[in-house]
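> I'd like to go over a predicted model; first the sequence, then the structure.
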Amino acid sequence: MKKKVILITGALTGIGRATAIAFVQEGARIVISGRHEEEGQKLVSELGRLGAEAEFVRSDVRHEDDVRSLVDKTVARFGRLDVAVNNAGTEGKPGLVTEQSAESYAATFDTNVLGTLLSMKHELRVMLAQGSGSIINVSSTFGQSGGAGASVYVASKHAVEGLTKSAALEAAGSGVRVNAIAPGPIDTGLLTRFAGSDLRKAGLIAGVPLKRLGKPEEIAESIVFLSSDKASFITGATIAVDGGKTAL
């Protein structure tokens, strides 16, 4: 990964933050993105102390002009785009199907699905012209199964995995790979919000054969591998990193 150019959306917390640090430790140059300027600049400073060439670009993946500008600024800064990690996402409004609304659907799908679609559209614009690149979309084990009380979130992650497969097939002859990582329950703020209570969080842990939450760093290492040349024959795949959850 030395000197490769990495772009990460949703990079300021949790899996995105851990992934930024993991790539920097591999010698990559990096652009991080999110919606909060102050937190973004703090992370850039932290990455700089690790010896990274890093830049923060504020963007909201729900808006195409923001995404287009993010990709263009990455290329303007570093001259190319080798790896894109589409991590921006939301848990939406947990609850039963009967409790959902057009508004809660849009709030979840606009970030998780439209954001992924727009990100890939503009990342591929650059990578296809280069004839190389790797895109990793961050899904969830809920994207491979169902989940009572998480209907809209589950549906959004199924959509992310469908987009991943379609984009991978479209890009397969071009030297560009597109894959997804599906984390199980990971110890992040998103999981805490999604669970809503310690009791429900304990229930999520009980459903993991390894009997613990995953760490953001464990997902980050999997992303680094999947985007590397060591995974050069993998495309159109969703890789579960879930403590055995999907093996049940």
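Noted; the coordinates are in hand.
> what residues are up against the spatially most central residue of the chain?
By Cα atoms, centre = their mean, the chain has its centre lying nearest to residue 87, at 2.1 Å. Listed by Cβ atoms under 8 Å, 6 or more residues apart in numbering, the contact set of residue 87 reads 8-11, 15-16, 19, 138. The C-beta positions use only the backbone N, C-alpha and C, and glycine is treated the same way.
> Could you find the closest non-adjacent residue to residue 25?
Take residue 25 and drop its neighbours on the chain: the residue closest to it by Cβ to Cβ, 6 or more residues apart in numbering is residue 50, 7.0 Å away.
> so how far is residue 27 from that neighbour?
10 Å (Cβ to Cβ, to the nearest Å).
> what helices or strands is the helix or strand of the chain with the lowest mean pLDDT leaning on?
The weakest-scoring helix or strand in the chain, judged by mean pLDDT, DSSP states H and E, is helix 189-195 (a mean of 81). Helices and strands touching helix 189-195, as assessed by 3 or more Cβ pairs under 8 Å, 6 or more residues apart in numbering; DSSP states H and E, comprise helix 198-206.
> on contacts alone, who are the packing partners of the following helix or strand past the helix it packs on?
As assigned by DSSP states H and E, the chain's next helix or strand after helix 198-206 is helix 216-227. Helix 216-227 sits against helix 14-25, strand 83-86, strand 133-138, strand 176-183, strand 238-241, with contacts defined as 3+ Cβ pairs under 8 Å, 6+ apart.
> now helix 216-227 against strand 133-138, angle please.
When axes from the mean of the first three to the mean of the last three Cα atoms, to 10 degrees is applied, the directions of helix 216-227 and strand 133-138 differ by 150 degrees.
> now the angle between strand 176-183 and helix 216-227, please.
Counting by the same axes, to 10 degrees, helix 216-227 lies at 160 degrees to strand 176-183.
> Helix 216-227 - what's its average pLDDT?
Summarised as a single mean, pLDDT over helix 216-227 is 97.
> Run the chain-centre distance for it.
Centroid separation for helix 216-227 versus its chain: 11 Å, with Cα atoms, centre = their mean, to the nearest Å.
> again with stretch 32-41
Centroid separation for stretch 32-41 versus its chain: 16 Å, with Cα atoms, centre = their mean.
> So for the helix or strand containing residue 42, what gets flagged as buried?
Element membership for residue 42 (DSSP H and E) is helix 37-49. For helix 37-49, burial by neighbour count (16 or more other Cβ atoms under 10 Å) applies to 39-40, 43-44, 47.
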